[in-house]
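> This is a predicted model, with the sequence first.
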Amino acid sequence: MRFARALIVAACIAAGLSAAVGVEAQPRAEAEPKACAPTVSLDKRLVMEQWARDEACAQPLRTRVTDRFLGIACLETSPDVSACRAFTPPPGSRAFNTSRVFRCVDIALADTEQGIVVSRLMEWAAPAPKVCDWTAAREALVMEVDFVRGDVCVGGLCMPVDRLSTIGKLRLRELIESALRELGLLASTSSVRAGSVARN
């Protein structure tokens, strides 16, 4: 009888230990990512939102960038996975037109058989001409048009221009033409190729 009672106690202790080990072995549920402070361009046009665990915003798990003037929203869930969609900008979005305020423009030109052609255009807002340089651009939210691939990009995330809404296409064309006009390049370059990107 004493021997049987000892076996029961031993079995209960063993069962308790295995249950405890089982609890410890289960992975802890990962905490939901928390929103970091958003980054907004000086003209309020471009907005970058990020989410990270334990507020480690230097290594975000998810990033969303929005161009509120052209109507683009891009979501990056990993360095290799991103998707962009177009939306129709609301009526009040005309306030985000950077061609009406001070802006920086960086362009790349290519000399081809058809003449000088614009291959890339980057635009961002800056507080003054003194910070209108490439170093400042890398630290700012930038809109970019890649004429070679036919893409429009915001914050480094891209989608084909032909996926823009009708309003977005018209606004992009106006931005391109006004930037080239301000730089004195509209008449001297083969801007038809640049303009045609936003004409579809």
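Perfect, I can see it now. Numbering: from 1, shown residues only.
> Got the domain ranges for the chain?
34-91, 93-197 (automatic domain parsing).
> CA atoms of the helix or strand hosting Arg173 as PDB?
In the assignment (DSSP states H and E), Arg173 maps to helix 166-182. Output in PDB follows, covering the C-alpha atoms of helix 166-182 (Å, rounded to 0.1, in the frame of the first residue of the first chain):
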ATOM      1  CA  THR A 166      -6.900  60.500 -64.400                       C
ATOM      2  CA  ILE A 167      -6.400  63.400 -62.000                       C
ATOM      3  CA  GLY A 168      -3.000  61.900 -60.900                       C
ATOM      4  CA  LYS A 169      -1.800  61.700 -64.500                       C
ATOM      5  CA  LEU A 170      -2.800  65.300 -65.300                       C
ATOM      6  CA  ARG A 171      -1.100  66.500 -62.100                       C
ATOM      7  CA  LEU A 172       2.100  64.500 -62.800                       C
ATOM      8  CA  ARG A 173       2.300  66.000 -66.300                       C
ATOM      9  CA  GLU A 174       1.900  69.500 -64.900                       C
ATOM     10  CA  LEU A 175       4.600  68.900 -62.400                       C
ATOM     11  CA  ILE A 176       7.000  67.600 -65.000                       C
ATOM     12  CA  GLU A 177       6.400  70.400 -67.400                       C
ATOM     13  CA  SER A 178       6.700  73.100 -64.700                       C
ATOM     14  CA  ALA A 179       9.900  71.600 -63.400                       C
ATOM     15  CA  LEU A 180      11.500  71.500 -66.900                       C
ATOM     16  CA  ARG A 181      10.200  75.000 -67.600                       C
ATOM     17  CA  GLU A 182      11.800  76.400 -64.400                       C
END
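> For the remainder of this discussion, apply numbering that starts at 387.
Taking 387 as the first residue, the last one we looked at is helix 552-568.
> What residues of that helix count as buried?
Neighbour-count burial for helix 552-568, counted by 16 or more other C-beta atoms under 10 Å, picks out Ile553, Gly554, Lys555, Arg557, Leu558, Arg559, Leu561, Ile562, Glu563, Ser564, Ala565, Leu566. Heads up, the C-betas are built off the backbone N, CA and C, glycines and all.
> Likewise for stretch 539-554?
Cys539, Val540, Gly541, Leu543, Cys544, Met545, Val547, Leu550, Ile553, Gly554.
> Give me the residues contacting it.
Stretch 539-554 has contacts (C-beta atoms under 8 Å, 6 or more residues apart in numbering) with 432, 434, 449, 451-453, 456-458, 460, 462, 468, 470-475, 527-532, 535-538, 555, 558, 583-584, 586.
> Narrow those residues to just the buried residues.
Buried among the contacts of stretch 539-554 (16+ other C-beta under 10 Å): 432, 434, 449, 451-453, 456-458, 460, 462, 468, 470, 472-473, 475, 527-532, 537-538, 555, 558, 583-584.
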